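A.B. asks: Show me how the following folds:
(2 chains)
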Protein chains: 2
Amino acid sequence: MSATPSKTGSNPSVSTDGSVKGRLAVRAGIKVTLAIDAMGGDRGPSAVVAGISRSAKKNPHVHFIVFGDAEVLEPLIERRRWLRDRVTLRGTTGVVTMDEKPSQAMRRADTSMRGAIDAVRDGEAQAIVSCGNTGAMMATAMIRLRRIEGVNRPAIACLWPSRNEGGFNVMLDVGADIRADARDLLQYAMMGASYARNGLGIDNPRVGLLNVGTEEHKGRAEIKEAQDLIDQASGIGSYKYVGFVEGGHIPSADVDVIVTDGFTGNVALKTGEGTARLVGDLLKEAFKATPLSRIAALLALTSMRRLQKRIDPRRVNGGVFLGLRGTVVKSHGSADATGISSAIKLAYELAASGFTDRLAARVASAAASAQTTPQE
Amino acid sequence: MSATPSKTGSNPSVSTDGSVKGRLAVRAGIKVTLAIDAMGGDRGPSAVVAGISRSAKKNPHVHFIVFGDAEVLEPLIERRRWLRDRVTLRGTTGVVTMDEKPSQAMRRADTSMRGAIDAVRDGEAQAIVSCGNTGAMMATAMIRLRRIEGVNRPAIACLWPSRNEGGFNVMLDVGADIRADARDLLQYAMMGASYARNGLGIDNPRVGLLNVGTEEHKGRAEIKEAQDLIDQASGIGSYKYVGFVEGGHIPSADVDVIVTDGFTGNVALKTGEGTARLVGDLLKEAFKATPLSRIAALLALTSMRRLQKRIDPRRVNGGVFLGLRGTVVKSHGSADATGISSAIKLAYELAASGFTDRLAARVASAAASAQTTPQE
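C.D. replies: Now for the predicted structure:
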């Protein structure tokens, strides 16, 4: 876990399949064990095992501890011979449902979710992947893994297709908590910058604060307060603060990390996905509209597939929980094998880079510099 | 102003140019005078007069009172002979800049914005169109026009391209205020339903409340409280409450009116626009990528133009201020002639339908039924 992430001094470029090159590279030979919660998600364990299978073929350095119903999982794994010595199966009886209350789910000891989290807590695995109930995952992870010292509210960060050279921006919080005060927003800036540095290879990320306008006097009180805190801490956090950004700037080339509260971030994320889906569907309709456009669709097939990959939410699947003593990658509930494989790749890359320790060190130095005493 | 809006009992359908048929029709011969603030906007008076000119040609029943710098406006109007007996020019000296503080702008008596608002207040015109500073416009309109009795916070409603038969959903508030309590959200539901009925011809609109999940226990306290209020008032408001909706549902066919606070709504609106722009730009790149795709682009030209019109923000340009004693259509600051002409069309349709009176009557009956005393 002592590998140095590649810091080239320039942004990574987008490869033809829409992934970030820096993240695609299997970090030279570093072995990582991932704990997989196989029971969450809308598509059930078969999609999860299919995703594991795909990742196992691509990356020989990853081992999986898979938690869930042994009777269901065993045949799924046995059927794929190449998985036999790559997967350790741990049978669990309980399943956290997608609409279960977090406060209830976190008290249950027998679930696949809890098993996966405890594997990282106990040092058996270096990162967790789950496509289960996000709220339950966060609540359980906060109790079992605990927060990094100095972090009040952990956050979920997502990657957003953008006009940047690397092809993605980072946005957080996209749903860990529904509120955030000025100090929380400052921590999001620190954590988001650290993620952009370690996950995307951007040395000195540009951080923006999401607001309803770029003018100084606009926005809620806590946002105006956060503006000053984030600006002042840019040296310690090794980022450049670029000021307020609006919704339209989220996919722009003017910013790398977008900081917001989890309510606004979650709405923005889902609105962006919904809009992209609508445009995609209308595009398909347009291609079917006339005989000429149907021929055009055939001619443009390769280019359109490339475009589709570029904005496919499954390719950037995996919200990362930031601020915990362990790396948690939360995949979309509706993720299929492609989506789960993307989440596994992200978990591997972060674990191999020693990301959690780096983030903790950054937050600790910020806390020390600000001469504040962590409250836990 | 006593015209009955067309209520066909079914949703209007989308015409080939992406506009709503019901709104496109010039309401049979009803004369309307519009007050135009010609000095706001990023593109200046020439874009505004170009938009007026386009609308004047299309609709013989509208007269314009244009407010702004006479020296600049007079030649722009004189150059277009057909505008001479369609436009009354009122010279004003002050201009509200795009970044001026609302509290400061609303105190200035000599501005084109104030002139346009006062024309409606004094009964000279039936609706206002401006592409100036939104905050200043709302602050000035609240002082000069006053709020409808029973309305605490006015809201800005926008049209959103959707999968609905009519092609659009309504979302509010998208930026009048940065906060809203449960009672404000209830009023947004009433006002949004009234707008969907009068502006889009939807008899019994389906209202949804924007949240981070559709489960009962999710979201902020004021949203959970608003959920009950909106559900209970559905009879009085003549709408159907469909529960929580997420960002991904904004363009869906499951809802007609999306209710949220002005901070979240503004971020969502701009995020949606930004995403659509990104996808559009990537699409153009994809069409240029290979010789085959360039041929495809030619073949698909007509279909693509139709798609572009369908999602072009300029075609649905015009946020409507709801809850004031007068109709205000706020066009995008960056609107060009096409955008301004769309805003003028919307202002005409709403004025011709007697929308403000209908909305006031609905809010009053709701207030009476709830036996609450308006606070002003």
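
A.B. asks: Wasn't residue A:254 part of a strand?
C.D. replies: No. Looking at residue A:254 with DSSP: H, G, I helix; E, B strand; the rest coil, it is coil, so not inside a strand.

A.B. asks: for it, what are its contacts?
C.D. replies: Going by C-beta atoms under 8 Å, 6 or more residues apart in numbering or on different chains, residue A:254 touches A:206, A:208, A:242, A:245. Bear in mind the C-beta positions are built from the backbone N, C-alpha and C, glycine included.

A.B. asks: what does residue A:292 give?
C.D. replies: Shown in contact with residue A:292 (C-beta under 8 Å, 6+ apart): B:299, B:300, B:302, B:303.

A.B. asks: The third one and residue A:286, how far apart?
C.D. replies: In this structure, residue B:302 lies at 9 Å from residue A:286, with C-beta to C-beta, to the nearest Å as the measure.

A.B. asks: Repeat that for the first one.
C.D. replies: Counting by C-beta to C-beta, the gap between residue B:299 and residue A:286 amounts to 12 Å.

A.B. asks: And the second one, by the same measure?
C.D. replies: Between residue B:300 and residue A:286 the computed distance is 7 Å (C-beta to C-beta).

A.B. asks: what residues does the stretch 51-200 of chain A put near chain B?
C.D. replies: Counting by C-beta under 8 Å from any C-beta of the partner chain, the stretch 51-200 of chain A comes close to chain B at A:99, A:101, A:135, A:161, A:162, A:163, A:175, A:178, A:179.

A.B. asks: Residue A:49 and residue A:75 touch, don't they?
C.D. replies: No. At 9.6 Å, residue A:49 does not count as touching residue A:75 under the criterion of C-beta atoms under 8 Å.

A.B. asks: more neighbours, the two?
C.D. replies: Set side by side, residue A:49 and residue A:75 show more neighbours around residue A:49, with 26 against 11, by other C-beta atoms under 10 Å in any protein chain shown.

A.B. asks: Identify the farthest-apart pair in the residues of the stretch 51-200 of chain A next to chain B.
C.D. replies: A:101 and A:163 (39.7 Å; C-beta to C-beta).

A.B. asks: Can you find the helix or strand in chain A with the smallest mean pLDDT?
C.D. replies: Least confident helix or strand of chain A, by mean pLDDT, DSSP states H and E, is helix A:21-24 with a mean of 42.

A.B. asks: who touches both of residue B:300 and residue A:286?
C.D. replies: Counting by C-beta under 8 Å, 6+ apart, the residues touching both residue B:300 and residue A:286 are residue A:293.

A.B. asks: Test for you: state the pLDDT assigned to residue A:134.
C.D. replies: What the model reports as pLDDT for residue A:134 is 87.

A.B. asks: Can you pull the phi/psi pair for it?
C.D. replies: phi -60, psi -50 (degrees, to the nearest 10).

A.B. asks: Got phi/psi on residue A:206?
C.D. replies: Per degrees, to the nearest 10, the backbone of residue A:206 is at phi -90, psi 120.

A.B. asks: what about it, neighbour count?
C.D. replies: Residues near residue A:206, counting by other C-beta under 10 Å, number 22.

A.B. asks: Write down the beta-bridge partners of it, one by one.
C.D. replies: According to DSSP bridges, the residues that bridge with residue A:206 are residue A:240.

A.B. asks: In which helix or strand does residue A:115 reside?
C.D. replies: Residue A:115 belongs to helix A:112-121 when assigned by DSSP states H and E.

A.B. asks: rewinding a little: of residue B:300 and residue A:286, who's got more company?
C.D. replies: Higher neighbour count among residue B:300 and residue A:286: residue B:300, with 26 against 21, using other C-beta under 10 Å.

A.B. asks: how many neighbours does the closest residue to residue A:95 other than its chain neighbours have?
C.D. replies: Leaving out its chain neighbours, the residue that sits closest to residue A:95 by C-beta to C-beta, 6 or more residues apart in numbering or on different chains is residue A:39, at 4.5 Å. By other C-beta under 10 Å, the residues close to residue A:39 number 27.

A.B. asks: now swap in the one 5 residues further on and tell me
C.D. replies: With neighbours defined by other C-beta under 10 Å, the count for residue A:44 comes to 17.
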